[in-house]
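Got a predicted structure here, sequence first:
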Number of protein chains: 2
Amino acid sequence: MARSASAMRGQILESALRLFAVHGFRGTSLQDIASDAGCSKASLLYHFAGKEKLLTELLIPAQDALAALLDRVAELKGDRLVEETVVGYVDLTLRFRREIRLLFEDITEMSCHQDLNVMELADGLLDALAGRSQHPPARVAAWMVLGAVFITGATDDEVAPDEVLRAEMIRSALRTLDHTPS
Amino acid sequence: MARSASAMRGQILESALRLFAVHGFRGTSLQDIASDAGCSKASLLYHFAGKEKLLTELLIPAQDALAALLDRVAELKGDRLVEETVVGYVDLTLRFRREIRLLFEDITEMSCHQDLNVMELADGLLDALAGRSQHPPARVAAWMVLGAVFITGATDDEVAPDEVLRAEMIRSALRTLDHTPS
DNA sequence: ACCATAACTGTCCGATCGGTCAGTTCTGAC
DNA sequence: GTCAGAACTGACCGATCGGACAGTTATGGT
């Protein structure tokens, strides 16, 4: 058939993202993705140099968004820093739900992935959430928020409508950080 | 050599737990475990009926401990319920760190595992953390605590000594749940 | 109409995995 | 010492995986 290149690429990426999010990176074979996308495994490997490259391409948008957030809050301090970081982080997890689930499934794979520096960015996020503080209580609370938002965003339990979920996640996170609402 | 059965079994379980926690269930082969434990793959399969059974045996203690916790707080209400649940859950994650990491790595595997009912127990835990409330804000906050403690316990970053970590995890969790300290 | 090239595929390959099995080695009771 | 059975092993098997490659089909510019 030979459709336009970008169409098939997009279809493959979509299928890969969904399957990876459900069954994990290792739990999804190239054949699974190809079947779901409606092409042959060989065609998949024509568009993407390998399974790893496919994973990389899927995660880069989320990574860039996180990097942009960290860049945006880099010059803030105190209350503004924490508030902006929390809101930005929550929005990010809701926007990239499936990517988060994928990251969640194969966190160890990512740590030693050369093209992705998720761990580095996570450190920066942790730092901002702690308000640049090095005190153990603040660091622990920041870790808690990191995990809380991460998992709450990754879950697909319809615990609440997205708008309510977002608002409550932000409020809960700020409480965790002992941040009195302004 | 043919050492006593229990000794080799214990060695295999120990090796499996460590390797699973680091590389995940799928990321660890039976040969990896056997080499680490100092025996052959065939010997490993002599002691354990299969890879799944090995996983089950590793997670049962943690599962039982969680079930016991839920049983203990079943008759409590209000503040006592939430406090006991939080403290118990935090202690549990710190006691079973590696098991948590393992669970963390392969959460989807577990959901469809017949011998383990982790998801069912997680629901009970969520319910107790929410103080048996069905209101969305309380449910979201409970989800946040579930994830926060989960990840903070699973991480091996030495963010703080265990005693400080424990105390701060409990305090942070109670703040997340909007629980004014008694 | 023609053709260079992009898009695609069927088929094969080596590696790795979980698991089986017949056979060997060790141990403890007598 | 002997011997039954537990403990252990090397060799092998079928399945599955990621990937390579030669060959085929469709497309767009001329």
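Cool, got the structure.

do you know how far the residue most central in space within chain A is from residue B:153?
Compute the mean C-alpha point of chain A, and by Cα atoms, centre = their mean the closest residue is residue A:100, 3.6 Å away. Here residue A:100 is placed at a distance of 19 Å from residue B:153 (Cβ to Cβ, to the nearest Å). Every residue, glycine included, has its C-beta placed from N, CA and C.

where does chain A have low pLDDT?
Applying pLDDT under 70 to chain A flags the ranges A:1-5, A:182.

mind listing the strands for it?
With DSSP state E, there are no strands along chain A.

Can the longest helix anywhere in it be said to contact DNA strand D?
When chain A is scanned for its longest helix (criterion: DSSP state H), the result is helix A:51-72. Yes - Helix A:51-72 comes into contact with DNA strand D (Cβ under 7 Å from any atom of the strand), by way of A:51-52.

Helices of chain A, start to end?
Along chain A, counting by DSSP H, helices occupy A:5-23, A:30-37, A:41-47, A:51-72, A:78-95, A:97-105, A:107-111, A:118-129, A:136-154, A:162-176.

What residues of stretch A:29-49 count as buried?
If you call a residue buried by 16 or more other Cβ atoms under 10 Å in any protein chain shown, then stretch A:29-49 has these buried ones: A:30, A:32-34, A:36-37, A:39, A:44, A:47-48.

rewinding a little: switch the helices of chain A over to JSON lines; also include distance to residue B:26.
Formatted as JSON lines, these follow (distance: least, Cβ to Cβ, whole Å):
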{"stretch": "helix A:5-23", "distance to residue B:26": "10"}
{"stretch": "helix A:30-37", "distance to residue B:26": "14"}
{"stretch": "helix A:41-47", "distance to residue B:26": "20"}
{"stretch": "helix A:51-72", "distance to residue B:26": "14"}
{"stretch": "helix A:78-95", "distance to residue B:26": "25"}
{"stretch": "helix A:97-105", "distance to residue B:26": "10"}
{"stretch": "helix A:107-111", "distance to residue B:26": "10"}
{"stretch": "helix A:118-129", "distance to residue B:26": "20"}
{"stretch": "helix A:136-154", "distance to residue B:26": "19"}
{"stretch": "helix A:162-176", "distance to residue B:26": "31"}
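
Let me have those helices in CSV, extended by distance to chain B.
Converted to CSV, those look like this (distance: least, Cβ to the nearest Cβ, whole Å):
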stretch, distance to chain B
helix A:5-23, 6
helix A:30-37, 14
helix A:41-47, 20
helix A:51-72, 14
helix A:78-95, 11
helix A:97-105, 7
helix A:107-111, 6
helix A:118-129, 9
helix A:136-154, 3
helix A:162-176, 4
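
Go through these and pick out the most buried.
helix A:136-154 (a mean of 24; mean count of other Cβ atoms under 10 Å in any protein chain shown).

Tell me the one of the buried residues of stretch A:29-49 nearest DNA strand D?
residue A:30 (3.7 Å; Cβ to the nearest atom of the strand).

Now do the contacts for the closest one.
A:41, A:44-45, A:51 (Cβ atoms under 8 Å, 6 or more residues apart in numbering or on different chains).

how about 6 Å then?
The neighbours of residue A:30, taking Cβ atoms under 6 Å, 6 or more residues apart in numbering or on different chains as the test, are A:41, A:44.

which residues does the residue lying closest to residue A:36 once chain neighbours are set aside contact?
Excluding the flanking residues, the one nearest residue A:36 by Cβ to Cβ, 6 or more residues apart in numbering or on different chains is residue A:15, at 4.0 Å. Applying Cβ under 6 Å, 6+ apart, one finds that residue A:15 lies in contact with A:33, A:36-37.

What of residue A:129?
The contact partners of residue A:129, by Cβ under 6 Å, 6+ apart, come to A:85, A:142, A:145.
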